[in-house]
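# What would the 3D arrangement of this be:
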Amino acid sequence: MFETTIAGSLPKPAWLAEPNKLWPAWRLAGAELDDGKRDATLLMLKLQEDCGIDVVTDGEQSRQHFVHGFLEFVDGIDFAHKVEIGIRADRYKAMVPQVVGELGLKGRVHGREARLARAHTRRKLKFTLPGPMTIVDTVADAHYGDRVKMAMAFAGLLNAEARALAADGVDVIQFDEPAFNVYMAEVADWGIAALHRAIEGLTCVTAVHICYGYGIKANIDWKATLGGEWRQYEAIFPALAKSRIGQVSVECRNARVPMGLLKLLDGKDVQVGVIDVATDEVETPDEVAAVIGEAAKYVAKNKIIAGTNCGMAPMRWDIAFAKLEALGKGAELARKKFGVGEQ
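Numbering: from 1, shown residues only. Predicted coordinates for the structure are as follows:
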């Protein structure tokens, strides 16, 4: 009961990449970079295990960015001529590659790190991939002329990599869709269908992560405009509840999301965000347990997984590690406080 996991990413060691940045430059190159990514992945696995995390990830140590780490392995993408666009409905500007032709995978995307992680942990292993809607919101289209058509093309590529990850022994495959909290009408129109294409044929656990973004200034400023209650989830949870996705990962800690909205996900396993990645203040185990207890008023306790609100990639490493410890200890405390005679 109350298994623990993280959204996906952890900060990269300073010897591997620039610290405290969402788009860090690598500090190694060639074979040394490959070795550094390997060593960082093993380190992240060990640290998660030490902190009592039940479903571990590779910490996304081999990717510069959660979307571009996938796009680097896709034909039809031009990284040489990036353009500036507004993403997440113009919340912030980013230099992004262009889609200039029919999309296709060059080969395996995350096979090396997935097999490495699987060989070095006996715990459940989760791997994250960017969701189709979020990908199309993070590239410039100079070919398809239709967001839905392009999303479905990306979904096909994601499906191929997801099937291969499952064959590598990955237990949980999670698609990260922060764009779901921005384009709510499109979620029911085509976002869920694109996810279904991405998970087609998978027999492992599937998940979708939907949050209010990394703890960067643009996201924090956007949250300040959302009012006293954040009800974006209310618009998309009913469609997700009817979907074939197994788990839904959501932001809860320090969010103005009415916890009662979790009831709209009835029947789903819910990764409840109990760690706030937008502040350097480290949660206490009691605070973590309190969020779990509040969620348990609306979600069956055997369907609650304690996690982080979002990825920790841009955070200071010492803060991220302390928050991992709080996550593990808080979930253990919640089992003692709420685990007697539960569902």
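# Next secondary structure after the helix or strand of the chain with the lowest mean pLDDT?
Ranked by mean pLDDT, DSSP states H and E, the weakest helix or strand in the chain is helix 217-223, scoring a mean of 68. Using DSSP states H and E, the helix or strand that follows helix 217-223 in sequence is helix 232-241.
# buried sites along that next one?
Buried residues in helix 232-241, counted by 16 or more other Cβ atoms under 10 Å: 232, 233, 235, 236, 237, 239, 240. From N, CA and C alone the C-beta is placed, and that goes for glycine too.
# Against residue 87, how distant is the residue nearest to residue 320 when sequence neighbours are not counted?
Using Cβ to Cβ, 6 or more residues apart in numbering and skipping the chain neighbours, the partner closest in space to residue 320 is residue 312 (4.4 Å). To residue 87, residue 312 is 20 Å away according to Cβ to Cβ, to the nearest Å.
# Compare neighbour counts for the two and give me the winner.
More crowded of residue 312 and residue 87, by other Cβ atoms under 10 Å: residue 312, with 26 against 21.
# hang on, isn't the more buried one packed against residue 22?
No - counting by Cβ atoms under 8 Å, residue 312 stays clear of residue 22, with 11.0 Å between them.
# coming back round to it: ok, now which ones touch the residue nearest to residue 320?
By Cβ atoms under 8 Å, 6 or more residues apart in numbering, the contact list for residue 312 reads 6, 7, 9, 10, 11, 277, 320, 323.
# one more time with 6 Å
9, 10, 277, 320 (Cβ atoms under 6 Å, 6 or more residues apart in numbering).
# and which of the residues you listed is nearest to residue 127?
Taking Cβ to Cβ as the measure, residue 127 lies nearest residue 9 of those, at 11.8 Å.
# hang on, the closest one packs against residue 308?
No - in terms of Cβ atoms under 6 Å, residue 9 does not count as a neighbour of residue 308; the distance is 9.4 Å.
# what's the helix or strand for residue 192?
Going by DSSP H and E, residue 192 is in helix 192-198.
# what's that helix packed up against?
helix 147-167 (3 or more Cβ pairs under 6 Å, 6 or more residues apart in numbering; DSSP states H and E).
# what about the helices in this structure?
In the chain, the segments counted as helices under DSSP state H are 30-50, 68-71, 111-120, 132-136, 147-167, 184-186, 192-198, 217-223, 232-241, 285-295, 317-338.
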